[in-house]
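> structure for this input, please:
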Amino acid sequence: MAIEDHGRYRWVVVCMLWVICFFNYADRQAIYSVYPLLKRELHVSDLELGILGSAFMWIYAFSVPLGGYLGDRFRLRCPMMYPMAKRIEKEGTV
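Prediction:
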């Protein structure tokens, strides 16, 4: 592989990871798009919606390091631990 191809490959990987992280983060922000529906259907106040959004993001913020640690810790020993760690991460945000 030529040096130019190797450099291009690195940037392709960086761009791909950026897109994946962007959609992962955008997915976490989707709860805010349903606020009007939640407010109308569940008859909740703006304060309660703020608490809901804050709780959602705080749980996500604390569960991501746990999922990352478990994924890194057991990566080579048990291939099924990474999906389980991601599940723990996502369950914390549901």
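> which strands and helices lie in contact with the top helix by length along the chain?
Taking DSSP state H as the criterion, the chain has its longest helix at helix 46-73. Using 3 or more C-beta pairs under 8 Å, 6 or more residues apart in numbering; DSSP states H and E as the contact criterion, the elements in contact with helix 46-73 are helix 3-28, helix 35-42, helix 81-93. Every residue, glycine included, has its C-beta placed from N, CA and C.
> list the buried residues for the shortest one?
So the one you mean is helix 35-42. residue 38 (16 or more other C-beta atoms under 10 Å).
> pLDDT (mean, whole number) over it?
Averaged over helix 35-42, pLDDT sits at 89.
> distance of the residue most central in space within the chain from residue 18?
Note on the chain: the residue nearest the mean C-alpha position is residue 24, at 4.8 Å, using C-alpha atoms, centre = their mean. Distance, residue 24 to residue 18, using C-beta to C-beta, to the nearest Å: 11 Å.
> one more: residue 39?
For residue 39 relative to residue 18 (C-beta to C-beta), the value is 34 Å.
> go on, residue 40?
Residue 40 is 36 Å from residue 18, by C-beta to C-beta.
> how far away from the center of its chain is stretch 34-41?
Between the centre of stretch 34-41 and the centre of its chain there are 23 Å (C-alpha atoms, centre = their mean, to the nearest Å).
> check stretch 52-70 too.
With C-alpha atoms, centre = their mean, you get 9 Å for stretch 52-70.
> so for it, what's the average pLDDT?
Average pLDDT, stretch 52-70: 82.
> give me the buried positions along it.
So, applying 16+ other C-beta under 10 Å, buried residues of stretch 52-70: 52, 56, 63, 64, 67, 70.
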